[in-house]
Structure formats: structure tokens, C-alpha cells
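S.K.: my questions concern the predicted model and sequence given below.
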Amino acid sequence: MYLKFYRDVAVVPRVGREDLLISLFMPERMEKQLRHILEKQGYAIVGNHSAVKHCHWLRKSLLFDVPCYKQTFYGIESHRCLQMTPAANQCTQKCLFCWRYQGFTETKIDEKDADEPEFVFEKSLEAHRQLVSGFKGDDRCDEEKWKEAREPKHVACSLTGEPTLYPFLSDFFEVCHRHGMTTFLVTNGTTPEVLENMDTLPTQLYVSLSAPNEDIYKKLNCPLIKHGWERLNRTLEILPSLGTRTVIRHTLVDGWNLGYEEEYAKLDKKAEPWFIEPKGYVHVGYSRERLTEGNMPSHEKIRTFSERLAPLTGYEILAGREESRVILLGRGKERKI
């Protein structure tokens with residue numbers, strides 16, 4: 001079987017022609033396949049491009065009263081957190097340490113195909129409540145806490161994909177805030193123009209900075225766009241001017257980007273974040289196809305990295321969670337949201 005392309009149109013041999021044309025020119029089949037994969041992994045699909053999924057820590061909080069590190073660090077109640085993404089299949093990178101399925105990654109969402117912010121909010125809330133409903137019959141779950149879980153007070157806009165590729169993200173945050181919710185945004189930093197032009201910023205903005213230099217960035221983050229490193233650095237440059245809480249997260253992979261404290265410190269100084277979170281890579285999901293368990297650093301290594309980074313940046317260690325392999329660095333800003 002072979003294909004010839006004339007002006008970007010595939011010329012297909014007779015044998016199997018109809019089936020092959022369907023696979024080439026009918027993206028809805030691809031979408032169904034992706035939907036099947038995501039739903040099998042526990043995602044609730046919302047509209048054309050969004051998804052909701054319960055965090056591991058929501059379950060731990062409801063059944064065992066064990067919160068996630070964001071509750072320890074920032075006061076966010078784990079059982080009242082709605083974890084979602086408005087860009088389930090859109091990203092500008094294919095990071096080796098990413099646990100998501102990366103088979104059909106797209107690099108943009110056309111505005112004409114994008115769902116309205118109110119729709120994304122309402123349907124995400126519906127999906128969250130439906131996913132929470134299964135805990136009610138578990139004897140380990142306190143009923144009052146379960147009722148609270150059905151009325152989330154916080155939206156974590158991360159989960160998977162690159163949320164800033166959703167063209168109405170600023171309006172989405174405005175809807176969330178209007179409903180009395182706080183918001184977290186986790187971005188890989190490759191869309192600085194989006195952050196610069198947002199009328200409504202998230203309550204707390206995370207920028208993932210998992211490479212100390214361009215060479216490691218290209219090998220570990222595998223950008224799908226041109227000038228990814230330059231665009232990430234532009235985001236770091238504008239971060240101090242944004243009127244919201246900011247966090248730099250260093251996802252550290254043993255054998256790849258662990259160490260390099262002096263190089264990270266120069267980047268952190270450029271960004272001047274409220275907080276810095278060195279966090280260890282966890283060997284889960286699809287990352288297991290790209291990395292090994294040996295790439296997962298111990299909490300002791302994350303603490304050592306943090307102890308070396310702190311004096312170089314002028315920050316100090318404020319807190320840590322061993323089970324999440326994460327340390328919090330700060331310098332006098334209010335931790336609780």
C-alpha cells in the first residue's frame with residue numbers, strides 16, 4: 001500500500017480505497033477512538049474539547065480524610081476541587097514525563113469550533129457531580145463531606161492538554177469566579193500572548209518549567225511548535241506583571257533534568273513567582289512507555305534540589321509532602337487562597 005499526494009490530496013490505490021479514505025478524511029472516527037480511550041481512563045467528556053476527571057486525592061480525601069498537597073500548601077479542600085481541562089486533546093508539547101495519552105494531539109482549537117464558556121462550566125459541573133455520586137454508597141465516605149464535594153469551590157484547570165489553547169479561557173475564568181469559585185491554571189508557558197491578553201486571570205497561575213536550558217527542553221518537552229523555548233521565556237518575563245498569584249513548577253526527572261540548580265535559579269529570578277514547587281516525576285500512565293521507574297526521583301532528592309535552589313533564588317522552604325514528592329519554596333507571600 002502506498003499514497004501519492006498532489007496538492008495535499010491523497011491519491012489512494014484501488015485496494016482498500018474506501019476504508020483508507022474514511023480514515024484519512026473523516027476525523028470524527030478519530031474523535032470516537034480518542035473518546036473511547038479517554039472514557040476508559042475515567043474521563044467524562046464535555047462538549048467538543050473539554051473533559052473532567054477526579055483526582056486521586058479527591059478519593060483519598062473522601063474515603064480516608066487524606067488531602068492533597070495543594071490543600072496543605074494553599075488551603076484548597078481536595079474534596080471540593082473540580083479537576084478539568086478545556087483542551088483535552090490539544091497541546092503544544094509532547095513531554096516525555098506526561099502521563100496522558102498523546103496519540104492524537106492537536107495544537108489549536110479553532111474559535112468557530114469552540115464551546116461557549118457557560119456551556120463548558122455547566123457541563124463540567126454536571127460531570128463532576130455525576131462522578132462524585134458513586135461515593136455516596138461507600139461506608140467510608142462521610143455524607144456531609146460528600147454533599148460538599150457535589151458543590152465544588154475550586155476549579156483546577158489542568159488535568160491534560162494545554163488549557164490556554166481554548167480561545168475563551170479568560171471568559172471561562174470569569175464564569176467560574178462569578179459562581180464563587182477560585183481557579184488554578186497550569187500552563188506549559190508556550191502561549192505568552194494568551195496570558196498577556198486575558199481580562200480575567202486565574203486565582204493562581206502555574207507555569208511548568210521542567211528544563212533548565214533549551215537543549216534539555218527540546219529533548220524532554222518535545223515541542224510541537226516553533227520557538228517553544230523562546231515563547232516559554234517570554235512567559236517568564238511577563239509573569240511579574242500579571243496581577244495574580246504565580247507559581248513556577250519544576251517537574252524533575254532523574255537522569256534528565258534533576259540538578260542544574262544555578263540554571264533554574266536564573267529562570268526563576270526572571271519570573272519572580274510567588275512560589276516555586278520542585279516536584280518529582282511519577283512513573284504512571286503513558287509516561288511508562290517513554291521513561292523508566294528509575295527516572296522517578298526520591299523525595300530526598302527533591303528536598304536536596306530545593307535546599308540548593310533556595311539560597312540561589314532568595315526563597316526559603318515553607319512546606320513539603322513526601323507522598324507527592326514535592327517541596328514548596330516562598331518568600332513572604334500569603335499561602336492560603
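M.R.: Structure received. Since the structure is predicted, the reported quantities are computational estimates derived from the model, not experimental observations. Numbering: from 1, shown residues only.

S.K.: let me see the mean pLDDT of the host helix or strand of Thr72.
M.R.: Assigned by DSSP states H and E, Thr72 belongs to helix 69-74. Computed over helix 69-74, the mean pLDDT rounds to 94.

S.K.: quick one: secondary structure of Lys108?
M.R.: coil (DSSP: H, G, I helix; E, B strand; the rest coil).

S.K.: which residues touch the closest residue to it other than its chain neighbours?
M.R.: Spatially, and ignoring its direct neighbours in sequence, Lys108 is nearest to Leu165 (5.8 Å; CB to CB, 6 or more residues apart in numbering). No exception for glycine: its C-beta is placed from N, CA and C like everyone else's. Leu165 sits next to Ala87, Gln90, Cys91, Thr92, Thr107, Lys108, Ile109, Thr191 when contact means CB atoms under 8 Å, 6 or more residues apart in numbering.

S.K.: report the buried members of those residues.
M.R.: Using 16 or more other CB atoms under 10 Å as the burial test, the contacts of Leu165 include Ala87, Gln90, Cys91, Thr92, Ile109, Thr191 as buried.

S.K.: any idea how far Val132 is from Leu38?
M.R.: To Val132, Leu38 is 19 Å away according to CB to CB, to the nearest Å.

S.K.: correction: the previous question concerned Glu230.
M.R.: For Glu230, the distance to Val132 equals 42 Å [CB to CB].

S.K.: tell me which of the two has more neighbours.
M.R.: Ranked by neighbour count (other CB atoms under 10 Å), Glu230 and Val132 place Val132 first, with 23 against 11.

S.K.: check contacts around that one.
M.R.: His54, Leu58, Trp146, Ala149, Arg150.

S.K.: which is the next helix or strand following the helix or strand that contains it?
M.R.: Counting by DSSP H and E, the element that carries Val132 is helix 117-132. Going down the chain from helix 117-132, the next helix or strand is helix 143-149, by DSSP H and E.

S.K.: elements contacting that next one?
M.R.: helix 56-64 (3 or more CB pairs under 8 Å, 6 or more residues apart in numbering; DSSP states H and E).

S.K.: how about the CA coordinates for the helix it packs on, as CSV?
M.R.: Provided in CSV are the C-alpha atoms of helix 56-64 (Å, rounded to 0.1, in the frame of the first residue of the first chain):
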residue,chain,number,x,y,z
HIS,A,56,-6.6,10.6,43.0
TRP,A,57,-6.6,12.9,46.0
LEU,A,58,-10.4,13.6,45.8
ARG,A,59,-10.9,9.9,46.5
LYS,A,60,-8.3,9.9,49.3
SER,A,61,-10.0,12.9,50.9
LEU,A,62,-13.5,11.5,50.7
LEU,A,63,-12.7,8.0,51.9
PHE,A,64,-9.7,8.4,54.1
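
S.K.: quick check: the closest residue to Thr191 other than its chain neighbours vs Gly180, distance?
M.R.: Of all residues not flanking Thr191 in the chain, Thr164 sits nearest, at 4.3 Å (CB to CB, 6+ apart). Going from Thr164 to Gly180 by CB to CB gives 24 Å.
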